[in-house]
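Peer 1: fold the following.
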Amino acid sequence: MKKYHVGVLLLFFAAQAHAETSTGDTAAQAGDVSSQEVTSTTESQEVQSTTGAESYDTDEGSGTDEGYVFGYRNGYLHAALAGKGEWTDNLYNTDANKQSNFLTQISPSVWLTLPRRSKKPMQIVSDNTAIGGLQYSPPDTDVYTKIQAYLAGNLDFMAYSEDSDLNHTEGDLEAMFQYKPAEKLTFQMLDKYNRSQDIYNLAEATQENDRVYDSNVFGLGAAWYSKDRFSVKAAYRNFFLEYDEDINDYMNRTDNGFDCALYYEYSEKTNVFLQYQYLVAEYDTEEMPGNDNNILVAGLNWQATVKTNLMAKAGYQTVDYDELTPYSPYYYTTYDDSDSNFYFETQGIWHATVKSNVLLNAKYSIEQSDSEQALNKSVFAFRVALDHRFTDRLRGDVNLVYENSEYAQFDGDTRNDDRWYFKPQVQFAVNKWLFVNAYVSYDTKNSDYEGLDYDTSTIGFGLRGSF
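Peer 2: Take a look at the predicted model:
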């Protein structure tokens with residue numbers, strides 16, 4: 001039986017825009033890209049990624065929103081059963097030898113909360129190459145009662161027409177517990193476990209090496225709010241990653257560290273903060289060098305209007321690398337033992353109209369490598385999503401994701417990957433418990449490394465029943 005280590009991560013209550021939206025958020029990831037999709041509860045679509053194909057079922061509306069078919073009831077226990085069929089013209093994401101495929105996926109899910117709710121209190125998307133396991137800051141959650149608990153589980157049974165040997169099951173578990181012993185003091189614990197695999201392409205998963213992995217993020221946190229406009233938040237972090245096959249052992253690692261921040265409430269709509277993060281990546285084998293990461297940023301949270309929320313932070317990131325050992329294939333190569341770069345992140349949501357919402361995220365940082373030939377990669381990620389409710393039964397969303405990854409190769413060679421992912425989708429509510437949806441997507445990558453370019457088109461449809 002595979003050994004599984006659950007680390008300890010204190011997810012710092014990062015300052016960020018967090019508005020209750022009638023559309024909800026579905027977090028998904030597109031290849032190297034971590035993309036958050038704004039979508040209805042018809043079905044949570046998924047996109048395979050280097051961090052795994054992850055998605056979250058999002059509830060919308062409230063117990064009093066009975067006028068909308070897309071509304072969800074309040075309750076302690078929620079369950080759903082979803083199924084989808086998806087055709088793609090390029091299963092392995094390679095232009096050299098395209099292979100079409102029809103994917104059949106069945107996804108049961110269940111989640112429970114205390115006290116009862118109509119919407120999941122948080123959604124976490126882990127990322128295998130981001131230091132600490134999260135590419136974007138986790139959502140800040142409000143504590144309305146003294147105790148708040150949440151537990152969710154999801155399974156994806158996936159069957160491929162091209163090759164039955166590819167059939168597999170993925171899954172995830174998510175949990176959160178918050179305790180508010182006093183008006184100005186809050187404690188939080190959360191956990192996110194994933195069983196998934198990397199996206200297919202020549203540099204990642206292939207038909208011979210599917211790069212199946214287990215990852216886990218676990219956290220404990222605290223926040224204290226004073227009476228003179230200041231507040232303090234602190235965290236201890238851990239991220240665990242382990243691949244099944246020995247050939248991928250060079251990526252197995254554990255990240256540990258902490259972060260802390262000081263906030264000042266400038267006005268009712270604006271607060272500014274100073275945040276410091278220190279994270280250490282330790283690899284299980286001696287092929288890749290461990291490294292220390294220091295990130296110092298200043299930022300602000302701004303509620304420009306009742307319809308607009310924005311978080312932005314910027315600063316500097318430094319990375320110090322350990323020496324390679326003789327067991328590393330790149331022991332005799334010359335590489336910089338430290339790296340530094342500008343660091344920034346922004347997250348925003350705009351309720352454009354009663355029926356429309358726009359979500360925007362962007363980030364630039366130095367991440368861990370997912371290539372045995374590279375020391376690290378500097379990543380700029382950008383995502384934008386638009387959701388619109390045409391009628392009480394019909395809604396649509398459009399998601400656009402871009403990511404640029406610049407790899408620091410051990411041999412001094414250049415590798416720069418540009419990836420775009422575009423996905424429009426429509427959802428129709430047959431009634432309050434049955435939803436149908438249809439979507440198309442276009443995924444393309446351009447790289448100056450031979451053989452990594454591809455263009456992939458996908459068409460899908462799905463059903464989802466909620467109980």
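Peer 1: can we go C-alpha only for contacts and neighbour counts from here?
Peer 2: OK.
Peer 1: tell me the pLDDT of Y266.
Peer 2: Looking at Y266, its pLDDT reads 88.
Peer 1: and the gap between it and N252?
Peer 2: Y266 is 43 Å from N252, where distance means CA to CA, to the nearest Å.
Peer 1: look at the two and report which has more neighbours.
Peer 2: Taking other CA atoms under 10 Å, Y266 and N252 do not tie; N252 has more neighbours (21 against 14).
Peer 1: check contacts around that one.
Peer 2: By CA atoms under 8 Å, 6 or more residues apart in numbering, the residues touching N252 are L241, E242, Y243, Y283, D284, T285.
Peer 1: so what touches stretch 191-208?
Peer 2: Stretch 191-208 is touched from outside by 31, 48-53, 91-94, 124, 126, 166, 170-176, 210-219, 370-371, 451-452, with contacts defined as CA under 8 Å, 6+ apart.
Peer 1: so how far is it off the chain centroid?
Peer 2: 14 Å (CA atoms, centre = their mean, to the nearest Å).
Peer 1: same question, stretch 282-301
Peer 2: For stretch 282-301, the distance to the chain centre is 18 Å (CA atoms, centre = their mean).
Peer 1: what comes up buried for it?
Peer 2: In terms of neighbour count (16 or more other CA atoms under 10 Å), stretch 282-301 has its buried residues at 282-284, 286-301.
Peer 1: could you dump stretch 122-140 to CSV, C-alpha only?
Peer 2: This file holds the C-alpha atoms of stretch 122-140, laid out as CSV (Å, rounded to 0.1, in the frame of the first residue of the first chain):
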residue,chain,number,x,y,z
MET,A,122,-14.2,27.9,0.1
GLN,A,123,-12.5,26.3,-2.9
ILE,A,124,-8.8,25.4,-3.0
VAL,A,125,-6.8,24.6,-6.1
SER,A,126,-3.4,23.1,-5.5
ASP,A,127,-0.5,23.5,-8.0
ASN,A,128,2.4,21.1,-8.1
THR,A,129,5.1,23.6,-9.2
ALA,A,130,4.1,26.6,-7.1
ILE,A,131,6.1,26.8,-3.9
GLY,A,132,3.8,25.8,-1.0
GLY,A,133,1.4,24.1,-3.4
LEU,A,134,-0.8,27.1,-4.3
GLN,A,135,-0.3,29.3,-7.4
TYR,A,136,-2.9,31.8,-6.2
SER,A,137,-3.7,33.0,-2.7
PRO,A,138,-6.5,31.0,-1.1
PRO,A,139,-9.9,32.7,-0.6
ASP,A,140,-10.5,34.6,2.6
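Peer 1: please name the bridge partners of I366.
Peer 2: Taking DSSP bridges as the rule, I366 bridges to S378.
Peer 1: my guess is it meets F380, correct?
Peer 2: No. Using CA atoms under 8 Å, I366 is not in contact with F380; the gap is 9.0 Å.
Peer 1: and those two? Which one has more around it.
Peer 2: Neighbour count, other CA under 10 Å: between I366 and F380, I366 has more, with 25 against 20.
Peer 1: pLDDT score for the more buried one?
Peer 2: 96.
Peer 1: now do the contacts for it.
Peer 2: Counting by CA under 8 Å, 6+ apart, I366 makes contact with A130, Q317, S340, N341, N376, K377, S378, V379.
Peer 1: tell me how many other residues crowd the residue nearest to the fifth one when sequence neighbours are not counted.
Peer 2: Read it as N376. Using CA to CA, 6 or more residues apart in numbering and skipping residues adjacent in sequence, the residue nearest N376 is S369, 4.3 Å away. Counted with other CA under 10 Å, residues neighbouring S369 total 21.
Peer 1: thought S369 was touching T129?
Peer 2: Yes. Using CA under 8 Å, S369 is in contact with T129, at 6.2 Å.
Peer 1: SS state for L91?
Peer 2: coil (DSSP: H, G, I helix; E, B strand; the rest coil).
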